[in-house]
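1. With the sequence up front, the predicted model follows.
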Amino acid sequence: MCPNPTKILDLGTGTGIWAIDMGEQYPSAEVIGTDLSPIQPSWVPPNVSFQIDDIESEWEWPEGTFDMVHIRYLNGGISDWAALFAEAYKSLKPGGWIEVCEFEMGVASDDGTYSANSSLAKYYELTNEAAKKAGADTLINGIEKAGFRNSTMRRIKVPLGSWPADPLQREIGECYLMLSETGFEALGMALLTRNLGMDPSDVTKLVNSAKRELSSKRMHTYNIHFFLHAQKPLKSSV
Ligand SMILES: C[S@@+](CC[C@H](N)C(=O)[O-])C[C@H]1O[C@@H](n2cnc3c(N)ncnc32)[C@H](O)[C@@H]1O
C-alpha cells in the first residue's frame, strides 16, 4: 500500500507494539505513536517515539505530514469516527494511506454451537447497547465521506477459544482467549456500569460466566476482524 513511508502515525498505540514493529521494518522512517496512557516502553528503536495525546481533540500536526496513519482496535472507544477520519485525512500527504484494523463487537459460530441464550451473547448484547448509549459509533463507514478513495476491506474469521482442530488456528484461538480473560472486564465494566447502571458485581458475574463458556470449548465461536485501507487522493478535493 505504502511502499516507502518516511513518516508514520499510530493512533491509540497502547503498548506501542505496532509502532515498534514498523520502526524496525522501516528503519529510515520516523514512527510516532500516540495514546492517552503513558504505558509505552522507553527501550525502542531510535526512529520510534511516543506522545501522550487525546486523538479525539483537534490535531496539531501540520496538514500533509504523514505517509501513513494506522488505527488498530479503537472500536468502542471512539465517539466520532467521522471527526477522526477528517483529522487523519488532513494530516496525510496526498497519496498517503490510512489503515484501520478493527473487529466486530460480537461472535458467531458456523456449526450452531453458539447459543443466543449464552452469557457470551448477553455480554455482547449489553456492551453493544452500552456503547451506543455512550455515543460510540462502531460502524466504520465514514472513510469515503472523509475524502479517502481506493478503499479496500479484507475480513477474516478469528477463532475465540481453543476449539479449532488446526494447530495454528488453535494457537490463535488460545491467544485470543487469553486476551479476553482481561479484555472482557476491561471493555465491559465502565460501559455497563456507567451507561446501563449495572452493579459492578453483576458485570463481574456476567463476564466470568462468559469466560467459563469460552474455556469449555463447547461453543465454536469466532469473530470477524477487518482490515480497511484507503488513500488520500494525489489531487485532494477536500
Ligand atoms: C485496545 S488498545 C489498542 C492498542 C494498539 N492500537 C494495539 O493494537 O496494540 C486501545 C488503546 O487506545 C487508547 N485510546 C483510547 N481512546 C483514545 C484517545 N481518545 N486518544 C488516544 N488514545 C486513546 C487507549 O488508551 C488504549 O491504549
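-> Good, I have the coordinates.

2. For the rest of this, base every contact and every neighbour count on C-alpha atoms.
-> Fine.

3. Tell me the residues on this protein that lie near the ligand, please.
-> Contact residues, the chain versus the ligand (CA under 6 Å from any ligand atom): 12-14, 17, 35-37, 53-56, 72-74, 77.

4. Only the buried subset of the residues you listed, as a ChimeraX command please.
-> Remark: buried members of those, expressed as a ChimeraX selection using 16 or more other CA atoms under 10 Å:
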select :12,13,14,35,53,55,72,74,77
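
5. how about the residues of the chain next to the ligand, which pair is most distant?
-> Maximum pairwise distance among the residues of the chain next to the ligand (CA to CA): 21.4 Å, between Ile17 and Glu56.

6. re earlier: quick check, nearest of the residues of the chain next to the ligand to Asn150?
-> Among the residues of the chain next to the ligand, and counting by CA to CA, the member closest to Asn150 is Arg72, at 19.5 Å.

7. check contacts around that closest one.
-> Arg72 makes contacts with Leu11, Gly12, Thr13, Val100, Cys101, Glu102, as judged by CA atoms under 8 Å, 6 or more residues apart in numbering.

8. Tell me which helix or strand comes right after the helix or strand encompassing the fourth one.
-> Taking DSSP states H and E as the criterion, Val100 maps to strand 92-103. For strand 92-103, the succeeding helix or strand toward the C-terminus, using DSSP H and E, is helix 119-133.

9. all helices for this structure, in order.
-> For the chain, the helices defined by DSSP state H cover 17-25, 81-91, 119-133, 167-196, 200-215.

10. Identify, out of those helices, the most deeply packed stretch.
-> Most buried of those by mean neighbour count (mean count of other CA atoms under 10 Å) is helix 81-91; its value is a mean of 21.

11. hmm, who's touching it?
-> 55-56, 58-59, 61-66, 69, 98, 137, 140, 142-143, 145-148, 232.

12. In this protein, where is pLDDT below threshold?
-> Within the chain, the stretches with pLDDT under 70 are 133-141, 236-238.

13. Please name the residues that touch the residue most central in space within it.
-> The structure's the chain has its C-alpha centroid closest to Tyr73; by CA atoms, centre = their mean the separation is 1.0 Å. Applying CA under 8 Å, 6+ apart, we find Tyr73 in contact with Cys101, Glu102, Phe103.
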